[in-house]
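A.B. asks: prediction below, plus the sequence it came from.
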Amino acid sequence: MSQKLKAFYETLDNPRDQAIWNERLIADAPISLQELGDTYGISKERVRQLETRIKRNLKEYLETEL
């Protein structure tokens with residue numbers, strides 16, 4: 001993982017966001033939205049929303065860093 005991605009990961013202070021990052025966005029074999037939702041007691045739609053927010057934040061982070 002590049003230094004910029006590692007630095008972005010460190011900005012994720014919520015364990016749920018960190019799990020979405022690790023288990024969905026950078027995983028070789030991502031787990032399903034439903035599995036993450038079940039783990040955190042939220043709907044798969046909410047996981048999708050959080051994933052979208054993380055992607056948007058990553059884009060903003062990289063735009064400022066590069």
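C.D. replies: Now that the structure is in, tell me what you want to look at.

A.B. asks: could you check the pLDDT of the most centrally placed residue in the chain?
C.D. replies: By C-alpha atoms, centre = their mean, the chain has its centre lying nearest to Trp21, at 2.8 Å. With respect to pLDDT, Trp21 has a value of 97.

A.B. asks: where is the longest helix in this structure?
C.D. replies: Longest helix in the chain, counting residues (DSSP state H): helix 44-65.

A.B. asks: need the CA coordinates for that helix. CSV is fine.
C.D. replies: Only the C-alpha atoms of helix 44-65 are listed here, as CSV (Å, rounded to 0.1, in the frame of the first residue of the first chain):
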residue,chain,number,x,y,z
LYS,A,44,-26.2,-3.2,3.8
GLU,A,45,-27.5,0.1,2.4
ARG,A,46,-25.8,2.0,5.3
VAL,A,47,-22.6,0.2,4.6
ARG,A,48,-22.8,1.2,1.0
GLN,A,49,-23.4,4.8,2.1
LEU,A,50,-20.4,4.8,4.4
GLU,A,51,-18.3,3.2,1.7
THR,A,52,-19.3,6.0,-0.7
ARG,A,53,-18.4,8.6,1.9
ILE,A,54,-15.0,7.0,2.4
LYS,A,55,-14.3,7.0,-1.3
ARG,A,56,-15.3,10.7,-1.6
ASN,A,57,-13.0,11.5,1.4
LEU,A,58,-10.2,9.6,-0.2
LYS,A,59,-10.6,11.5,-3.4
GLU,A,60,-10.6,14.8,-1.6
TYR,A,61,-7.6,13.7,0.5
LEU,A,62,-5.6,12.7,-2.6
GLU,A,63,-6.5,15.9,-4.4
THR,A,64,-5.0,18.0,-1.6
GLU,A,65,-1.9,15.8,-1.2
